[in-house]
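>>> Dropping the sequence and predicted coords here.
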Amino acid sequence: DVPGQHKAAIFDKKGGPVSVRTVPVARELKHGEALVRVIYSGVCHTDLHAMLGDWPLDNKLPLVGGHEGAGVVVALGEGAEEFVKIGDRVGIKWIADSCLKCDFCRRGFEPNCPEAQCSGFTVDGSFQQYAVSYARHLSPIPDSLPLDQAAPILCAGVTVYKALKEAQLTPGQFVAIPGAGGGLGHLAVQYAVAAGYRVIAIDTGNDKRALAEKLGAETFIDFKTTKNLVEEIKQASGGLGPHAAVVAASGAAAYEQALDYIRSRGTLVAVGLPGGTDIKANVFFTVFRSLRIVGSYVGNRQDAVEALDIAARGKVRTSFKTLGLSELPKVYEDMNSGKIAGRIVLDIDK
Ligand code: 8ID
Ligand code: ZN
């Protein structure tokens, strides 16, 4: 039974701090809403960007962050039964809702819907024991996939899976992944390997090197110690440079040389979201080398189903450490200083 009160991690103003408080469980469910008992939630760098106010968008305040929630449906608003049943294992992803009837939604571009709601940004997210979400956008989690494994797939996994589609590679081609040791990046390495691409992982430190190499990266380049990043990346890809770069880093510097090291006709897929950053593309070389620059923003409901299915079949495995919800402030500190290899998954009851 749903209790009257529960625990939630909340911040009240831009910049934080975030703290765990006991608060009333959300109001009555409206049409199409479902109440999810969140068991685990991944912590995405987006949650940190949101708290710090890094982006030119306003979020709800006070806010419960979190958008990699995995749990069980415990109550349904009117109409929600069309989409989920009580007891279903479901995921709360970044796109909490979209209208499903506009030009964008009809074409499968749900993240670009003008009415889209975002979990842990425009609506309260998964850093709470009971979360209200929109039934039609909940992701079914396959039975064979444990909820802690599943959580990071709901943002990091689906995002890089979709970004690799946008790169339009064929098996055997090279992809550079700046940020390869982070939450998104370590999953990108695996989805890329599963698709038959040859991975050049770029990040820093021994933990991230070991992780990327274990997950199947052919080359690891440490961006902090390399003398010439562009040359090393080109050498690692037969001299011409990779066919694409999927930039999964949270820092601006990762974008600086990507257009220099991808090969002619190559694609830069922008995924990482450092605040106040421009991609500087020289017009002459963009034309002469026929480069493509593509932004990729999470994925739609179907991308989430596909990304979860690949994880359920064991082709991709989240590398994570489990901590309690109460440790979220420390997780943000470590994330800010680049200390986390893979993902942190929060046990929401702890
Ligand atoms: O839909 C989207 N486009 C989307 C979805 C989800 C997340 C975008 N994001 C964004 C986040 O907001 C964040 O900006 O992707 C970025 C990465 O999120 P994350 O994977 O959750 O962050 P992380 O776990 O902290 O990993 C970031 C990695 O980047 C490395 C760090 O060492 C870390 O391992 N990195 C940095 I910072 N600068 C680098 C550089 N210059 C770099 N790696 C290579 N070169
Ligand atoms: Zn995210």
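Noted; the coordinates are in hand. Numbering: from 1, shown residues only. Ligands and ions are numbered 1, 2, ... in the order given.

>>> Alpha carbons of the longest strand seen in the chain, as CSV, please.
Counting residues, the longest strand in the chain under DSSP state E turns out to be strand 33-42. What follows is strand 33-42, C-alpha atoms only, in CSV (Å, rounded to 0.1, in the frame of the first residue of the first chain):
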residue,chain,number,x,y,z
GLU,A,33,-0.9,9.3,-15.0
ALA,A,34,0.6,6.3,-13.2
LEU,A,35,2.3,6.1,-9.8
VAL,A,36,5.6,4.3,-9.9
ARG,A,37,7.4,2.8,-6.9
VAL,A,38,10.9,3.7,-7.8
ILE,A,39,13.5,1.0,-6.7
TYR,A,40,16.6,2.2,-8.5
SER,A,41,17.6,5.3,-10.4
GLY,A,42,20.8,6.1,-12.3
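
>>> Summarise which helices and strands that strand is packed against.
Where contact means 3 or more C-beta pairs under 8 Å, 6 or more residues apart in numbering; DSSP states H and E, strand 33-42 is packed against strand 69-76, strand 89-92, strand 130-134, helix 147-150, strand 343-347. Just so you know, the C-beta spots here come from the backbone N, C-alpha and C atoms, and that holds for glycine as well.

>>> Just checking the helix or strand that the fourth one is followed by against ligand 1, any contact.
Right, helix 147-150. Counting by DSSP states H and E, the next helix or strand C-terminal to helix 147-150 is helix 156-166. Yes: judged by C-beta under 6 Å from any ligand atom, helix 156-166 and ligand 1 are in contact via Ala156, Thr159.

>>> do you know how far Gln235 is from Gln173?
Applying C-beta to C-beta, to the nearest Å, the value for Gln235 to Gln173 is 16 Å.

>>> more crowded one of those two?
Neighbours were counted for Gln235 and for Gln173 using other C-beta atoms under 10 Å; Gln173 has more, 19 against 14.

>>> quick one: contacts for the more buried one?
Residues in contact with Gln173 (C-beta atoms under 8 Å, 6 or more residues apart in numbering) are Tyr197, Arg198, Pro242, His243, Ala244.

>>> I'd say Val123 and Lys60 touch.
Yes: contact criterion C-beta atoms under 8 Å: Val123 and Lys60 qualify, at 6.6 Å.

>>> Comparing the two, which residue is more hemmed in?
Between Val123 and Lys60, counting by other C-beta under 10 Å, Val123 is the more crowded of the two (20 against 15).

>>> what sits against that one?
Lys60, Ala96, Asp97, Gln117, Val132, Ser133.

>>> Look through this structure and state the residue closest to ligand 1.
In the chain, no residue comes nearer to ligand 1 than Gly182, which is 2.0 Å away by C-beta to the nearest ligand atom.

>>> Okay, that residue and ligand 2: tell me how far apart.
From Gly182 across to ligand 2, the span is 11 Å (C-beta to the ion, to the nearest Å).

>>> try Leu29
Taken as C-beta to the ion, the span from Leu29 to ligand 2 is 25 Å.
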